[in-house]
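**Q** sequence and predicted structure below; questions after.
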Amino acid sequence: MDIPKEVDCIVIGTGLVESLVAAACARVGKSVIHVDRNQFYGGNWAALSLDDFQNGKEEFEGDHAIGPQLSNIDVWDSGMEIPRRRAVLVDLSPKLCFSKGKLVQLLVSSNSARYLDFKEVSSMHRNDGSITSVPCTKASLMRNKTISPMEKRRLVKYLQYCLEHAKYAQSQQHQNETNQQQKGEEKNEEKQRASNSRHAQKQTSTAPIPDVSFEVLLSKDFKLNKNLQEYVISSMTWLDGSVPAKVGVERTGLFLTSMNVFCPSPLLYPMYGSGEFSQAFSRLCAVFGGMYVLCQNDIELHVDGTSNSIHSVSTGALGDVKAKNVVAPLPCCALVDTKLAPTSITAATTTQQQQENGVSTTMISRASLLIKTDSIPYVEDDGGCCAVVTVPPASCEGLKSPCRAIVLTHRSGVCPKGYAMCHLTTTGLDENTFTVVLQRAMSLLFPAMIVKASTEDNFDTNIEDDGDETEVADSPSMHLVWRVFFQQLGLDNSPNTEHTVSVNGLFATSGLSDASIGFDLAVEEAEVLFSRIYPGEDFLPRAPDYDEIVFDFGDEEQDEAKNDQDEECALKTTSCGTTYLPISAYKKTENGYVLRESAHYRASTYLTTSVGTKYLPISAYMQTPDGLVLRSSTDCETSGEEQVASVVNTDPPSSSTATTATETRANTTRPVEKTQIKSPVVCTTSFGTTYYSFQVYARNASTGVYSLHPSLHSSNA
């Protein structure tokens, strides 16, 4: 591997903020090297296997500048055998995504969502000794029998109030984007500003947000009782009642506008945990030329004392690499070479470095539980994947703030079938009491859970001192297999964008997670940091799809490129032995998609793959001067009913046959039968190759000839 001696930007640490910045830099054409001291991606946002977590326990508790910053780790293992142990993932920062949240919108706009899979958060509950569903829609609210009609009316009034403000904010954002596109037209700008002013006066004059706390707004302005206030504060917004009312209204509006976007629920869970986001943006960075080097313990930053600017970064694998800009977690300033560094930057501990730079931090208390069970409470049995449960502080002795529990089944990819993973998160607890309080929350959430006491650990709940198992009668059998308590240094629910260092070209991130339910703070921090590094550049513009990339090969590389293309268009075989042409065998023309001339194949009827989708095999095509086209004798219905095509001649087509086929193909310009594509246009076999499904073809009613569906004759096909 050729390592450059000078790059535009070096990013240290693979946390979510660092990965976002690295991807953004690479996307605008900057040369990037991304390094990390760990052997995994994510830092404080990582999702680790049980063995990786236990093996790295001592390292996580150390006072270092890069990677997870955990403390007071308490691991308990029942000794029960866990099938597919490597498949169990412990999320260091378990979070959920709002469908209209900044991270999901960024994934869509940057075309990075293709690297990720999501599951719906199928249910939301509140457990204060009894389990109740959160009435987040008007329909569910009307079905709730525990709320009086008067209280329902007041809650609906508050939800409508928040929805109006959310829609107005979205319209303003859309208007600002439109104004930026029309920046050069002064007349249009004046008209837009006048229109915006009138629209703003019309919207804000009717329902301004009072300058009070969120709790006061709910109790005084909307007269919600304590029970409904708890619903809104702890189970819909996951905020503290002391935050400004504006923040609470915005979060409630985000909750409401996120519903029915991708699924009925407003929340999504990333498959395999929050660590996947760091890996997704790292992939995007690598696609656009970023270089990745992990397992680098000896990272050093060098500063030119004369110009007071960053000079280079050195590691064991890279050597000394010059960089115009360096992005690193704030505590990483302790790694600056003190011989060259200004006196304002000195070696310091993690906590000291953050406090001196004005970073507002808090201690987050977390617990992760692996439970063996066939039926988990809170999650629906018929395909449910994830549920979020809130325990109010008044319901659990010792809680200072609501405890959020994310309950996951095997469908989330974080545990084997027959098991469930639960992540608990809360704040405000000290190191001496957080384990006891989290144990009480565990008992409240899972009263039927069986915990086998060991000689090494004694629990305060649901455990007998003699090691006997305890169980609640008439409840599903649930066994605690593995659990961990730990505390994590995190941000205090405020964007961390103000910290600076006094070295030119050195930009600091917090390197920390936070206790909020979403990812908005991390996206805000990354966006502000990138704008400081490269002012005027777009933050993560849309990445092109594979078929949109045009390769400009030189004359010497034309033959090699053609051979590669022919190899890509070669026959593929499914797991059941049938053959088909992959997507790369097609090319786009003015009249739609035709097969590339390099793909000269013949075959017979259409077939079915092992995953149940249908496709036309090689024999359905014939060679013409314009390329391969579908044979007119191919007689299959797009309704999906399995029929056998007519047997066709397998000899090479003659010139007369080619002429006839060309004339027949010209007739396909007549109106075709209107069919609606219900199956995915692109299907994937069991070993990862892709092909066009049989459903993408449309049949000409008069000639019986099949061609690609008219809806595919566009650049977006």
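**A** Arrived safely, thanks for sending.
**Q** strands along the stretch 51-200 of the chain, start to end?
**A** In the stretch 51-200 of the chain, the segments counted as strands under DSSP state E, counting those that start in this stretch are 70-77, 89-91, 97-98, 118-127, 131-133.
**Q** what does the first one contact?
**A** Spelled out, it's strand 70-77. Contacts of strand 70-77 with the rest of the structure, by CB atoms under 8 Å, 6 or more residues apart in numbering, involve 53-54, 57, 60-61, 92, 431, 434-435, 454, 456-457, 481-489. Using the backbone N, CA and C atoms, a C-beta is placed for each residue, glycine as well.
**Q** one more time with 6 Å
**A** When contacts are defined by CB atoms under 6 Å, 6 or more residues apart in numbering, strand 70-77 is touched by residues 57, 60-61, 431, 435, 457, 482-488.
**Q** ok, those residues vs Val108, which is closest?
**A** Closest approach to Val108 among the contacts of strand 70-77 (CB to CB): Gln488, at 29.3 Å.
**Q** Three-state assignment for that closest one, please.
**A** With DSSP: H, G, I helix; E, B strand; the rest coil as the basis, the three-state label of Gln488 is strand.
**Q** Ile364 is in contact with that one, correct?
**A** Yes. Gln488 is within contact range of Ile364, at 4.7 Å (criterion: CB atoms under 6 Å).
**Q** buried residues in stretch 371-380, which are they?
**A** Across stretch 371-380, burial judged by 16 or more other CB atoms under 10 Å covers 371-373, 376-379.
**Q** kindly check the end-to-end length of it for me.
**A** Start and end residues of stretch 371-380 are separated by 16 Å (CA to CA, to the nearest Å).
**Q** and what of stretch 6-18?
**A** In stretch 6-18, first residue to last residue: 20 Å (CA to CA).
**Q** give the rounded mean pLDDT of that stretch.
**A** For stretch 6-18, the mean per-residue pLDDT is 93.
**Q** now stretch 263-278
**A** Here the average pLDDT along stretch 263-278 is 93.
**Q** what sits up against it?
**A** By CB under 6 Å, 6+ apart, stretch 263-278 touches 14, 16, 19, 41-42, 45-47, 89, 91, 93, 95-99, 116-121, 255, 258-259, 386, 413-414.
**Q** do stretch 5-17 as well
**A** With CB under 6 Å, 6+ apart, stretch 5-17 has contacts from 18, 22, 25, 30-36, 41, 43-45, 66, 277-278, 313, 322-329, 332, 509, 511, 522, 525-526.
**Q** return the list of helices and strands in contact with the helix ranked longest in the chain.
**A** Scanning the chain for the helix with the most residues, using DSSP state H, yields helix 149-181. Helix 149-181 is packed against helix 186-204, helix 245-257, with contacts defined by 3 or more CB pairs under 6 Å, 6 or more residues apart in numbering; DSSP states H and E.
**Q** can you pull the buried residues of the last one?
**A** Buried residues in helix 245-257, defined by neighbour count with 16+ other CB under 10 Å: 245, 247-257.
**Q** same check on stretch 123-138?
**A** Residues of stretch 123-138 classed as buried: 123-128, 134-136 (neighbour count, 16+ other CB under 10 Å).
**Q** now the strands of the stretch 51-200 of the chain as TSV including distance to Leu424?
**A** As requested, the strands of the stretch 51-200 of the chain are exported to TSV (distance: least, CB to CB, whole Å):
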stretch	distance to Leu424
strand 70-77	13
strand 89-91	11
strand 97-98	19
strand 118-127	12
strand 131-133	16
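**Q** how about a markdown table for those strands, with distance to Gln229 and mean pLDDT added?
**A** Shown next, in a markdown table, are the strands of the stretch 51-200 of the chain (distance: least, CB to CB, whole Å; pLDDT from 0 to 100):
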| stretch | distance to Gln229 | mean pLDDT |
| --- | --- | --- |
| strand 70-77 | 32 | 91 |
| strand 89-91 | 30 | 94 |
| strand 97-98 | 21 | 95 |
| strand 118-127 | 12 | 90 |
| strand 131-133 | 15 | 85 |
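**Q** Ser531 is nearest to which of those?
**A** strand 97-98 (23.2 Å).
**Q** that closest one pairs with which strands?
**A** Strand pairing for strand 97-98, determined by DSSP bridges: strand 267-270 (antiparallel).
**Q** I'd like the next helix or strand past the partner strand.
**A** Where DSSP states H and E defines the elements, the next helix or strand beyond strand 267-270 is helix 275-287.
**Q** list the buried ones in that next one?
**A** For helix 275-287, burial by neighbour count (16+ other CB under 10 Å) applies to 275-286.
**Q** and the residues you listed, which is closest to Pro544?
**A** For these, the nearest to Pro544 is Leu284 (11.7 Å; CB to CB).
**Q** the closest one against Arg114, yeah?
**A** No. Taking contacts as CB under 6 Å, Leu284 lies outside contact range of Arg114: 9.7 Å.
**Q** for beta bridges, what are the partners of Ala47?
**A** Beta-bridge partners recorded for Ala47 (DSSP bridges): Asp91.
**Q** re the thing from before, would TSV of the buried residues of helix 275-287 with distance to Ala420 be doable?
**A** Shown next, in TSV, are the buried residues of helix 275-287 (distance: CB to CB, whole Å):
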residue	distance to Ala420
Gly275	19
Glu276	19
Phe277	23
Ser278	25
Gln279	24
Ala280	25
Phe281	29
Ser282	29
Arg283	29
Leu284	32
Cys285	34
Ala286	34
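**Q** quick check: Ala526 is in a helix.
**A** Yes. Looking at Ala526 with three-state DSSP, it is inside a helix.
**Q** let me know the pLDDT of it.
**A** 94.
**Q** contact partners for it?
**A** Counting by CB under 6 Å, 6+ apart, Ala526 touches 17, 20-21.
**Q** likewise for Arg251?
**A** Listed by CB under 6 Å, 6+ apart, the contact partners of Arg251 are 237, 239.
**Q** how about Leu92?
**A** Contacts for Leu92 were tallied using CB under 6 Å, 6+ apart; they are 44, 46, 68.
**Q** report the lowest-confidence entry in those.
**A** Among the contacts of Leu92, Pro68 has the weakest pLDDT, 84.
**Q** neighbours of the closest residue in space to Ser93 that isn't next to it in sequence, just the number please.
**A** Nearest residue to Ser93 in three dimensions, chain neighbours excluded: Ser513, at 4.0 Å (CB to CB, 6 or more residues apart in numbering). For Ser513, the tally of surrounding residues (other CB atoms under 10 Å) stands at 30.
**Q** in the sheet, who's paired with Asn127?
**A** In this entry, Asn127 is beta-bridged to Ile131, by DSSP bridges.
**Q** let me have the buried residues of stretch 371-380 in CSV, extended by pLDDT and secondary structure.
**A** Converted to CSV, those look like this (pLDDT from 0 to 100; DSSP: H, G, I helix; E, B strand; the rest coil):
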residue, pLDDT, secondary structure
Ile371, 93, strand
Lys372, 93, strand
Thr373, 89, coil
Ile376, 82, coil
Pro377, 80, coil
Tyr378, 89, coil
Val379, 88, coil
